[in-house]
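K.L.:
from the sequence below, what's the structure:
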Amino acid sequence: MSTAHYKIVPHDGGFAYTLDGSFSESFKTHEAALKAARRAAQEQRVPGETRLIQYQSEDGAWHTEEALGIDRPQTDVKG
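P.N.:
The predicted structure is shown next:
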């Protein structure tokens, strides 16, 4: 099982959380960014429905896979 690491960082005159190089919106305080990151991390652990997904790989080929709704990552928040 994978782990998603959320991190609180200074951003755009305030604070944001990051995940895999992407930034959230900016928050005025560290505490507000931390609260939002914890909420996002918790939501990411919630199981969903099993569905078929399609995606295109770097070589241009299309793939179809079954994404299990119970296959959710572990999460943590640092910062």
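K.L.:
state the distance from residue 7 to residue 35.
P.N.:
Residue 7 sits 15 Å away from residue 35, going by C-beta to C-beta, to the nearest Å. For every residue, glycine as well, the C-beta is placed using N, CA and C.
K.L.:
for residue 63, which non-adjacent residue is spatially closest?
P.N.:
The shortest distance from residue 63 to any non-neighbouring residue, by C-beta to C-beta, 6 or more residues apart in numbering, is to residue 55 (5.7 Å).
K.L.:
near the one you found, how many other residues are there?
P.N.:
9 (other C-beta atoms under 10 Å).
K.L.:
check contacts around it.
P.N.:
If you count contacts by C-beta atoms under 8 Å, 6 or more residues apart in numbering, residue 55 has them with 62, 63, 65.
K.L.:
among the residues you listed, which lie within helices?
P.N.:
Per DSSP state H, helices hold no members of the contacts of residue 55.
K.L.:
and the residue nearest the centre of the chain, bridged to which residues?
P.N.:
Of all residues in the chain, the one closest to the mean position by C-alpha atoms, centre = their mean is residue 19, 5.5 Å from it. Beta-bridge partners recorded for residue 19 (DSSP bridges): residue 22.
K.L.:
dump the residue contacts of residue 11.
P.N.:
By C-beta under 8 Å, 6+ apart, residue 11 lies in contact with 23, 26.
K.L.:
could you check how far the residue nearest to residue 63 is from residue 61?
P.N.:
Taking C-beta to C-beta, one finds residue 55 at 10 Å from residue 61.
K.L.:
again with residue 3
P.N.:
As judged by C-beta to C-beta, residue 3 and residue 61 stand 28 Å apart.
K.L.:
that older thread, any chance of the contacts of residue 55 in JSON lines, with distance to residue 51 and pLDDT too?
P.N.:
Putting those into JSON lines (distance: C-beta to C-beta, whole Å; pLDDT from 0 to 100) gives the following:
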{"residue": "62", "distance to residue 51": "16", "pLDDT": "96"}
{"residue": "63", "distance to residue 51": "14", "pLDDT": "95"}
{"residue": "65", "distance to residue 51": "10", "pLDDT": "93"}
